[in-house]
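S.K.: Mind looking at a prediction? Sequence and model below.
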Number of protein chains: 4
Amino acid sequence: MNETAAGDVVLLFSRDRKRFIFTLQPGAELESHHGIVAHDDLIGQPWGRRVKSHLGSTFVLLRPSTDDLIRHIKRRSQIVYPKDAGYILLKLGIRPGCRVVEAGTGSGGMTLALAQAVMPTGRVYSYDNRPEMQAVAQRNLARVGLEPYVEFKLRDVGEGLDERDADALFYDLPAPWHYLEQAAAALSDGGFWGCILPTTNQVSELLYGLGPSPFTMVEVEELILRPYKVVPARLRPQDRIVGHTGFLVFARKLAEEPPDSSPVS
Amino acid sequence: MNETAAGDVVLLFSRDRKRFIFTLQPGAELESHHGIVAHDDLIGQPWGRRVKSHLGSTFVLLRPSTDDLIRHIKRRSQIVYPKDAGYILLKLGIRPGCRVVEAGTGSGGMTLALAQAVMPTGRVYSYDNRPEMQAVAQRNLARVGLEPYVEFKLRDVGEGLDERDADALFYDLPAPWHYLEQAAAALSDGGFWGCILPTTNQVSELLYGLGPSPFTMVEVEELILRPYKVVPARLRPQDRIVGHTGFLVFARKLAEEPPDSSPVS
Amino acid sequence: MNETAAGDVVLLFSRDRKRFIFTLQPGAELESHHGIVAHDDLIGQPWGRRVKSHLGSTFVLLRPSTDDLIRHIKRRSQIVYPKDAGYILLKLGIRPGCRVVEAGTGSGGMTLALAQAVMPTGRVYSYDNRPEMQAVAQRNLARVGLEPYVEFKLRDVGEGLDERDADALFYDLPAPWHYLEQAAAALSDGGFWGCILPTTNQVSELLYGLGPSPFTMVEVEELILRPYKVVPARLRPQDRIVGHTGFLVFARKLAEEPPDSSPVS
Amino acid sequence: MNETAAGDVVLLFSRDRKRFIFTLQPGAELESHHGIVAHDDLIGQPWGRRVKSHLGSTFVLLRPSTDDLIRHIKRRSQIVYPKDAGYILLKLGIRPGCRVVEAGTGSGGMTLALAQAVMPTGRVYSYDNRPEMQAVAQRNLARVGLEPYVEFKLRDVGEGLDERDADALFYDLPAPWHYLEQAAAALSDGGFWGCILPTTNQVSELLYGLGPSPFTMVEVEELILRPYKVVPARLRPQDRIVGHTGFLVFARKLAEEPPDSSPVS
């Protein structure tokens, strides 16, 4: 589809590098410090076209990337940043058709990345025990058409996960070390497990918990994103940056040993 | 499938945290400093099972993640690291069903990440003018069953790209600024463009080239991966790390202005 | 001296981790959002004592560190950050008694670090061609009692430096590659040279300039400071940090070769 | 002194950027993979002069910077890196004439930086309970002529520090939280305290210890050094770098409250 239609999620990119992300609705208007843009002037336009506000300010009309969608998600909680989300997908071996479990849902940023990566045949099972949070996430996913690939479950992970033989499982919880048993029960043998944690204390606590658990190949990593100013004659990193989002921890579920306990030679 | 079969690509993870990635072949053997493991002892085993070499060393038998596959690709050139590949996928809006163009193929690390993200209905068109390089990439993709989703083209990008209306395009070339016209011709309006460059001089050169081009919303970013030692009582970043892989540049293709050149109000 | 006196530069550190740095003057007052503190209530107090504003807010009365002084210098320009200044001192072999040349003076942050490191027998010669800037620097140095160790020179470096056989020379100029001849003339044989540059283009330009110059052992480095939140149970890096200050370049001056041009064997 | 003399510590810098640091001794020879250089051919040469080995390899004859001296110290333990040492000096307000206490001495890298910064009128008191370690440090300081400014004390910090009213105190110990009382006793009111710790667990432990202590204005920071390749046309960070040295913690000693416990208003 080379032209926008009502219901599309669009990105308007302004001269001063601001991004406005919204759903096209006949009769609606975008108001910004650059002036007003009527949605009706955007509907039916080719993607990539320059448009003007009533004040004459220019915007470019674009499809948001997954990065844009995650960054600009309606949020009620700290989100998983795209730099982390993209890496998590590769570390957990996520691909089209995968069955992935996630807890907690939060505002749905990671849910969005997962849903888009496993669609159309895969599925995301996303747990959270905060109804208002999951409602936000649900709207965020619905807005970009990814809701059909997600099953939201309003439940505390401590009560157990319904899934068995899941390909991968991701925890965005304050104390994931309390729920390793539930994770092991839901995952396939050798399955991928990961989580994100803001503090070093939590990482240590989790590593202690993983020690006696049926998980192996534990890794702890952190990604630092350094954006640059895009001036060719004066290329330099930006002055102020995000200094920390979270520590990423990854592991794999061991299979149960056979009864005689002697592994193959 | 909960058990391995001949032809599967497997990962053996050793006690000293080494990774061995290979394809299971009846009668074959893995030789390592930990001793020999017969493939026949691995075929038909549950994933996640512990296995032993003839010297008694223990390994865990695992499915490699996309991260593992990219890191351990047979390579004849610098690869795009997983930390960068995962982020590129989100920045380029790659998802199942996308049609993506890539040049150059190199050893196929990024090709692998792209193919896995767009399969089964999408497709990757991957250009390189070095036959021996593309042969390596082709084998790398075939080994993991992703070759059906890639069309390899042995050609210099300067001669033009066959595709039109591609969703996204990624350049891993020394001088991408010479091929912006070809990129614009291949991309859909508003389409996603990205590249990776090792030096700051190349980034400046590219930014100069992008100035008068039909590309907009240019971004330059860099990701630094910091791995930690996984000792709960002595948590700390690793002593020696990869200090640099490449600078990532992203942009979007503008639509051509209509003949009267007056954008909508 | 264990008690403050009029004329001392003091640091008040507030509960919310703000720093107020000023010179004690009888009759003067510090006004802040925490209330008013009369200087007369601070004069004659022991260092390290807790004091209160008229609103009852607590501060600690401290001697500012060199780090504090540089960070909170009255500035009319970008300063050399302490993380960089401390490293520069070690890379240039600065120590008590050294004769160091600096250009440009800027707001005097680096001048302060240099003066304090070479005092009381050493000397800093600091050039700038902007009278108002050097006046600011002069006041900054006078305020902390370091002015006696600095000779300010209001002059463009292009007109040459007066010094000969200087131990070290530091440039904080936009185009240091234009003034390498002047630097070589002022430095002792084998002397230490350094500069700070914000952009990668400047670094490349300088490296080109250093190629045919009488400088050797060139190094380019960058320091990233990562502050942490000081909460023992939730240790983590701060969310927003300074992402870039400048690239540091260091080199050493070669001696002229003897007339017969054959170095010793 | 513009020419080298026997007893000088010199740096030979080779074409392949290797550094050889040693003391000039009549009759001695430097052996390297670049060939042999007789010290007698170096003694009496101008600093900054190019010299050749018996194989014709060229070196530059230089005075080592403080950075060089610390990096190439004879070591029997992890050293404090120059990037950290320079910053520590500024954070602790170290300057000529200061009286500084240090524990433990280790190989003497930080001792060297401190001694050079406080000389000739200041003094460093350096504690370590390992005789063989302190002997190494002593030789390292003697070699560069800084021993007169250091008083080495072979003692466990737990037994107390002799000094009172010290300007600053630096701990390079595994468990500094056990010795905060000793630190407070040795420091002047408002005095500067700092330490370096490799792990996050130690930092948390220390922050817990500092809570009820007579220390305030606590800061935790970390410095990451990023060296670049010095090729003007292909400027880029180096591929492999040091990823971690240590976390730096700083604090100030509070004065005891007066008996009536009511701070000045």
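M.R.: Now that the structure is in, tell me what you want to look at. Residues are numbered from 1 along each chain as shown, chains lettered A, B, ... in the order given.
S.K.: The longest helix anywhere in chain A packs against which elements?
M.R.: Secondary structure of chain A read by DSSP state H shows that its longest helix is helix A:131-143. Secondary-structure packing of helix A:131-143 (3 or more CB pairs under 8 Å, 6 or more residues apart in numbering or on different chains; DSSP states H and E): helix A:109-118, strand A:123-128, strand A:150-154. The way it works is simple: take the backbone N, C-alpha and C, and place the C-beta from them, glycine included.
S.K.: change it to 6 Å
M.R.: Judged by 3 or more CB pairs under 6 Å, 6 or more residues apart in numbering or on different chains; DSSP states H and E, the packing partners of helix A:131-143 are strand A:150-154.
S.K.: Spell out which residues of the stretch 101-250 of chain A are next to chain D.
M.R.: Neighbours of chain D within the stretch 101-250 of chain A, by CB under 6 Å from any CB of the partner chain: residue A:200.
S.K.: If we use 7 Å, what do you get?
M.R.: A:200-201, A:204 (CB under 7 Å from any CB of the partner chain).
S.K.: Now, these that are in helices?
M.R.: A:200-201, A:204.
S.K.: follow-up on the earlier one: got the angle for the longest helix of chain A vs strand A:150-154?
M.R.: If you take axes from the mean of the first three to the mean of the last three CA atoms, to 10 degrees, helix A:131-143 sits at 170 degrees to strand A:150-154.
S.K.: For chain C, give me its nearest residue in the stretch 1-150 of chain A.
M.R.: In the stretch 1-150 of chain A, the residue that lies nearest chain C is residue A:78 (9.7 Å; CB to the nearest CB).
S.K.: count of residues packed around that residue?
M.R.: 15 (other CB atoms under 10 Å in any protein chain shown).
S.K.: so where does it fall, helix or strand?
M.R.: In the assignment (DSSP states H and E), residue A:78 maps to no helix and no strand.
S.K.: related to what we said a few turns ago, any chance of the residues of the stretch 101-250 of chain A next to chain D in CSV, plus distance to residue D:155?
M.R.: Output for these, formatted as CSV (distance: CB to CB, whole Å):
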residue, distance to residue D:155
A:200, 33
A:201, 34
A:204, 33
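S.K.: circling back to that earlier point, the residue of the stretch 1-150 of chain A closest to chain C and residue C:231: what is the separation?
M.R.: 16 Å (CB to CB, to the nearest Å).
S.K.: One more: residue A:188?
M.R.: Residue A:188 sits 38 Å away from residue C:231, going by CB to CB.
S.K.: for residue A:144, same thing?
M.R.: 36 Å.
S.K.: could you pull out the helices for the stretch 1-150 of chain A?
M.R.: Using DSSP state H, counting those that start in this stretch, the helices of the stretch 1-150 of chain A run over A:66-71, A:82-91, A:109-118, A:131-143.
S.K.: Among those helices, which comes closest to residue A:23?
M.R.: helix A:131-143 (6.1 Å; CB to CB).
S.K.: Which among the ones in helices among the residues of the stretch 101-250 of chain A next to chain D count as buried?
M.R.: A:200-201, A:204 (16 or more other CB atoms under 10 Å in any protein chain shown).
S.K.: which one of these is nearest chain D?
M.R.: Of these, the one sitting nearest to chain D (CB to the nearest CB) turns out to be residue A:200, at 3.7 Å.
S.K.: residues in contact with that closest one?
M.R.: For residue A:200, the contacting residues are B:235, C:235-236, D:200, by CB atoms under 7 Å, 6 or more residues apart in numbering or on different chains.
S.K.: Need the max-distance pair from the residues you listed.
M.R.: Taking CB to CB, no two of the contacts of residue A:200 sit farther apart than B:235 and C:236, at 12.0 Å.
S.K.: neighbour-wise, which of those two wins?
M.R.: A count of neighbours by other CB under 10 Å puts residue B:235 above the other of residue B:235 and residue C:236, at 24 against 21.
S.K.: I'd assumed residue A:206 was in contact with the more buried one.
M.R.: No. Between residue B:235 and residue A:206 there is no contact under CB atoms under 7 Å: 10.2 Å.
S.K.: Which residues of the stretch 1-150 of chain A lie near chain B?
M.R.: So the stretch 1-150 of chain A meets chain B at A:2, A:13, A:41, A:45-52, A:54, A:60, A:62-63, A:65-67, A:82-83, A:85-87, A:89-93, A:95-96, A:113, A:116-117, A:119-120 (CB under 7 Å from any CB).
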